[in-house]
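Chemist: fold the following and give me the result.
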Amino acid sequence: MGRLLLGAWLLSSLWWMETFFIGDHHRKQRIQHGIANLTMATLNAAMLYGTVGILTLALASWCARHQVGILRHEWLTTSENCPWWVGWVIAMLLLDLLSYAWHRANHALPWLWRFHQVHHSDEAMDVTSAARFHIGELFLAAFMRAPFIVVIGLEPLMVVAYESILVSVSLFHHSRLRLGAIEPWLRWWVVTPEMHDIHHRREADDFNHNFASVLPIWDRIAGTHRRIALSSDARTGIAGLDSTSSSTVRGMLTMTFWPRAPFESVGVAFRSGSLIERRRRSEVRASYSPLFGDEPDDVQ
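Modeler: Sure thing, here's the model as predicted:
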């Protein structure tokens, strides 16, 4: 319940901030857009919390009771030189790395993209877009994470804490807020709206970058970080997809069964884009450090 209240408060706050700072020239369309996205979120929450949500916390409780997982290692549990918070830091980092890897898998594997395309089909991205996911993707994500909960040895409170952080940052970086001069500094520490906006653009060179959920460090390590100037001409969504149908709740629920043309074009673009990017980065690798240095804008 606490996560739901936190999410509702952040969503409403960011929605009004978007309206106040950026303006709202299409209020009716924006309200309709928000209602559709939040209806999806409500349906998802109703189906998830009573099923895989309970099972996930039950699994974490089992790990805690039976002292299972990496975090139960003697060095972390008995060493006087190891503060209690070290285990928490390790847990948060591993969960965020897992989130990054899962996101990349959703773009690389055809059957996962079938579900993930619901999120990318939003052509009017704002803070409510953070709630626009197909229930199939969320179920698959929960089952994918289950064995890692056991391997890591997560406690229930760790799972709840990371989910709360993930929801908060996701709402933030899907918003239309622009941070000005502090954005280049902030994007070293947390995924920003301008960073994630690139990921939602239609062009393969853009949506093939900036996969991180909370910490941008994973994109920098993996070479998928990209920084380009904002453009009013850049469009979000998926080229070739019926935007009218995909904007309705029914369309979002059934999109995974639609003809494959838009999916195929995105899948091919992703694979070819990856090859192009690897070749281009290899040519300039010696001139910058992708982790600690300042990369040129066109190679990030």
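Chemist: got the contact list for Phe115?
Modeler: When contacts are counted by CB atoms under 8 Å, 6 or more residues apart in numbering, Phe115 is found next to Asn106, His134, Gly136, Glu137, Leu140, Thr256. To be clear about C-beta, it is placed using only N, CA and C from the backbone, and glycine gets the same treatment.
Chemist: so for the first one, what's the pLDDT?
Modeler: Confidence per residue is given as pLDDT, and for Asn106 that number is 95.
Chemist: just to revisit the earlier point, which among the contacts of Phe115 end up buried?
Modeler: Applying a neighbour-count criterion of 16 or more other CB atoms under 10 Å, the buried members of those are Asn106, His134, Gly136, Glu137, Leu140, Thr256.
Chemist: next, format the residues you listed as TSV and append distance to Trp88.
Modeler: Formatted as TSV, the buried ones among the contacts of Phe115 follow (distance: CB to CB, whole Å):
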residue	distance to Trp88
Asn106	27
His134	31
Gly136	31
Glu137	27
Leu140	27
Thr256	36
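Chemist: need the max-distance pair from the residues you listed.
Modeler: The most widely separated members of these, counting by CB to CB, are Asn106 and Thr256 (12.4 Å).
Chemist: was I right to think His199 contacts Asp206?
Modeler: Yes - using CB atoms under 8 Å, His199 is in contact with Asp206, at 6.9 Å.
Chemist: neighbour count winner among the two?
Modeler: His199 (22 against 18; other CB atoms under 10 Å).
Chemist: quick one: contacts for the more buried one?
Modeler: Under the criterion of CB under 8 Å, 6+ apart, the contact list for His199 reads Asp206, Phe207, His209, Asn210, Phe211.
Chemist: among those, which ones are buried?
Modeler: If we count by 16+ other CB under 10 Å, those have these buried: Asp206, Phe207, His209, Asn210, Phe211.
Chemist: now, which of these sits nearest Leu55?
Modeler: Leu55 lies nearest to Phe211 out of these, by CB to CB, at 26.5 Å.
Chemist: that closest one and His107: what is the separation?
Modeler: Here the criterion is CB to CB, to the nearest Å. By it, Phe211 lies 7 Å from His107.
Chemist: also Leu166?
Modeler: Leu166 sits 18 Å away from His107, taking CB to CB as the criterion.
Chemist: same question, Thr51
Modeler: According to CB to CB, Thr51 and His107 sit 26 Å apart.
Chemist: can you check Trp113 too?
Modeler: 6 Å.
Chemist: strands of the stretch 51-200 of the chain, residue ranges please.
Modeler: In chain order, the stretch 51-200 of the chain shows no strands, with DSSP state E, counting those that start in this stretch as the criterion.
Chemist: quick one: the helices in it?
Modeler: 52-66, 74-77, 85-108, 110-120, 135-152, 156-174, 183-186, 193-199 (DSSP state H, counting those that start in this stretch).
Chemist: possible to save those as CSV with distance to Ala239?
Modeler: As requested, these are exported to CSV (distance: least, CB to CB, whole Å):
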stretch, distance to Ala239
helix 52-66, 33
helix 74-77, 48
helix 85-108, 15
helix 110-120, 11
helix 135-152, 21
helix 156-174, 20
helix 183-186, 27
helix 193-199, 15
